[in-house]
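>>> Sharing a model that was predicted from the sequence below.
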Amino acid sequence: GTVLGRCMQRHRNGEFIRFLNAIEAAVPPGKAIHAILDNVATHKHPKVRAWLARHPRWTFHFTPTSASWLNAVEGFFSALTRRRLRRGSFTGVVDLQAAIKRYIAEHNRRARPFVWTKPAAGILAAVSRSPEPSV
């Protein structure tokens, strides 16, 4: 599907909340938003939890530890790395960020909804074998 991306120097709770606000502004009112997240402490910071409490249309879903494959954005990151970043030559951070932004724009021009290729039963079985994420 469509990617809403931001390049930020750091990945702390403040930057994450700014990213959530950008998504909030981009998604039409009334639509539910489900965020698939890994178990990084930033995603569970008290300020992030407070933000989530003020935004009832949002639901956070945390992937089990060692199950990043459940997060569809990981496939996008892999493609970005293979098609744009690997063997790339960048003059600095600004040049690198520009390349990432161009890739996102190109991706979004031909974006299609993400479709799981594994049957739901197989996905659920794999998840059940993973340890539960901490909340």
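Cool, the structure landed.

>>> Dihedrals phi and psi, residue 37?
phi -130, psi 150 (degrees, to the nearest 10).

>>> what pairs with it across the strands?
residue 62 (DSSP bridges).

>>> From what I see, it and residue 62 are in contact.
Yes - contact criterion Cβ atoms under 8 Å: residue 37 and residue 62 qualify, at 5.5 Å. Just so you know, the C-beta spots here come from the backbone N, C-alpha and C atoms, and that holds for glycine as well.

>>> Between those two, which contacts overlap?
Both residue 37 and residue 62 are in contact with residue 43, where contact means Cβ atoms under 8 Å, 6 or more residues apart in numbering.

>>> Helix or strand with the lowest mean pLDDT in this structure?
Using mean pLDDT, DSSP states H and E, helix 120-128 stands out as the lowest-scoring helix or strand of the chain, at a mean of 73.

>>> so how far is that helix from its chain's centroid?
21 Å (Cα atoms, centre = their mean, to the nearest Å).
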